[in-house]
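Q: Build me a model:
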Amino acid sequence: MVMNIGWNLFFNNAEKSIEPWLLHEFNENFYGEDLRLVIVGYLGPETNFPTLESLIAKIHEERRITEKALDLPLYSKYQDDPYIKGLG
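A: Residues are numbered from 1 along each chain as shown. As a prediction, the model looks like this:
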């Protein structure tokens, strides 16, 4: 996942939020289900963007960075973490 934690400056949110973007494609929705997340890295501070297009471009860049990082042994070990696998 890639996740924003903050106020989402582009949309002028008044409250802090957590917005995970799950990179895996699922065959069905899981609204109302428990979700366990393990945060293993930090890409940088929250930034405001001049346009929606620049925000979207940054989100996709962060996805590419995250997907490459998650293949590294330092991070790939978390895919079998008991905390995550403990659901069900």
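
Q: in this structure, which spans are strands?
A: Secondary structure of the chain (DSSP state E): strands located at 2-6, 17-21.

Q: what's the last one in contact with?
A: Pointing back at strand 17-21 there. Around strand 17-21, the neighbours that count as contacts under CB atoms under 8 Å, 6 or more residues apart in numbering are Met1, Val2, Met3, Asn4, Ile5, Gly6, Trp7, Asn8, Leu35, Leu37, Ile59, Arg63. Glycine gets a C-beta too; all of them are placed from N, C-alpha and C.

Q: Looking at those, state which has the most neighbours.
A: Val2 (19 neighbours; other CB atoms under 10 Å).

Q: ok, now how distant is it from Pro82?
A: The gap separating Val2 from Pro82 is 23 Å, by CB to CB, to the nearest Å.

Q: Quick one: mean pLDDT over the longest helix anywhere in the chain.
A: Counting by DSSP state H, the longest helix found in the chain is helix 52-70. Mean per-residue pLDDT for helix 52-70: 92.

Q: where in the protein is pLDDT low?
A: For the chain, the stretches flagged by pLDDT under 70 are 87-88.

Q: please redo it, this time with the cut-off set to 90
A: Scanning the chain with the threshold set as pLDDT under 90 gives 1, 4-15, 17-26, 30-40, 45-49, 55, 70, 75-88.

Q: Against which helices or strands is the longest helix of the chain packed?
A: On a contact count with 3 or more CB pairs under 8 Å, 6 or more residues apart in numbering; DSSP states H and E, helix 52-70 meets strand 2-6.

Q: want to try CSV for the contacts of strand 17-21, with distance to Ile18 as columns?
A: Listed next are these as CSV, based on distance: CB to CB, whole Å:
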residue, distance to Ile18
Met1, 11
Val2, 12
Met3, 6
Asn4, 7
Ile5, 5
Gly6, 9
Trp7, 11
Asn8, 10
Leu35, 11
Leu37, 9
Ile59, 15
Arg63, 17
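
Q: Nearest to Leu43 among these?
A: Among these, Val2 lies closest to Leu43 (CB to CB), at 7.6 Å.
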